[in-house]
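Novice: Starting from these lines, generate the structure:
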Amino acid sequence: MPRYPVLRPVSRPRTRVDAHVKVLDERVVARAKDRGIDALVYAPHFTRLPTIRERATRYSDDELTVVPAREVFTGDWGNRRHLLALGLSEPVPDYITFEGAMAEFDRQDAAVLVPHPAFASISLTRPEIRAHAARLDAVETYNTKLLPHQNARAQRIASEEALPGFGSSYAHLVSTVGEAWTAFDAELDDADAVVDAFREGRPRTVVHRGGLGHRLQGLVEFAHIGYENTWVKADRLFLSGDEPTLPSNVAYEGRFDDVSVYR
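Specialist: Residues are numbered from 1 along each chain as shown. You can find the predicted model right below:
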């Protein structure tokens with residue numbers, strides 16, 4: 001009988017990106033590598049882009065790429081809309097108008113992602129996403145911090161608006177890193193390649209861990225919202241007047257005074 005070669009499936013290169021984390025240190029790097037994550041998008045609150053870039057470079061190596069990004073707060077504290085911007089070349093402050101932020105992202109050709117859509121008073125609503133869909137590159141369809149019905153709603157929004165999805169741990173705690181990720185069907189070698197993949201709408205799959213441990217970790221992260229949204233942060237922010245990401249900070253040289261929501 002003739003013998004035929006055994007055909008084995010060819011594995012395609014993939015890159016697993018935890019597309020939004022707030023923490024970064026040696027423990028985060030070790031956790032990400034242990035979870036098989038290839039890249040982290042690092043976007044801490046109230047931190048200027050040069051500082052984020054420096055930390056991203058410090059913790060990147062041949063096994064893990066850290067992509068510097070900014071989650072910009074548009075609008076005022078009580079009615080803010082978060083936008084996740086990757087690939088920025090210059091700093092953009094918080095607490096500027098939505099249009100002011102989008103114009104700056106357009107000017108810098110940044111990838112603009114929508115984190116936790118339609119969540120509380122801190123996210124783009126469904127009508128806002130529909131109105132600006134042509135200017136948005138992806139909608140977060142799985143966020144470890146959110147509850148199942150909230151993630152299901154996000155998936156419906158992305159589907160209805162024909163926007164690519166993305167997934168992240170949204171880790172504010174080291175133990176949450178790598179609980180969810182975006183798996184791109186390509187080998188993304190550096191931060192620029194990750195940004196391009198989002199900007200160009202490359203094929204991807206949103207994946208998350210399962211089981212009771214995953215759900216409990218999500219609930220722990222969800223409880224952290226209580227601190228995030230207290231006026232304690234707002235008081236510290238506005239009473240000091242010189243926080244790093246306020247448009248009035250001297251570092252911005254008055255460039256955003258005309259779109260600042262606080263005068």
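Novice: which stretches of the protein form helices?
Specialist: Here the chain has its helices, by DSSP state H, at 26-34, 49-59, 98-108, 126-131, 148-160, 191-199, 211-223, 225-228, 231-240.
Novice: Mean neighbour count, those helices: which tops it?
Specialist: Counting by mean count of other Cβ atoms under 10 Å, helix 191-199 has the highest mean neighbour count of the helices of the chain, with a mean of 21. C-beta coordinates here come from the backbone N, C-alpha and C atoms, glycine included.
Novice: CA atoms of it as CSV?
Specialist: Written as CSV, here are the backbone C-alpha positions of helix 191-199 (Å, rounded to 0.1, in the frame of the first residue of the first chain):
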residue,chain,number,x,y,z
ALA,A,191,4.6,48.4,20.5
ASP,A,192,4.2,50.0,17.1
ALA,A,193,2.9,46.7,15.7
VAL,A,194,0.3,46.4,18.4
VAL,A,195,-0.9,49.9,17.8
ASP,A,196,-1.1,49.2,14.1
ALA,A,197,-3.1,46.1,14.7
PHE,A,198,-5.8,48.0,16.6
ARG,A,199,-5.7,51.0,14.2
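Novice: quick one, that helix and helix 49-59 angle?
Specialist: 120 degrees (axes from the mean of the first three to the mean of the last three Cα atoms, to 10 degrees).
Novice: Could you tell me how far helix 191-199 lies from the centre of the chain?
Specialist: The chain centroid and the centroid of helix 191-199 are separated by 13 Å under Cα atoms, centre = their mean, to the nearest Å.
Novice: Comparing the helices of the chain by mean pLDDT, which bottoms out?
Specialist: Here the helices of the chain differ in mean pLDDT, and the lowest is helix 231-240 at a mean of 52.
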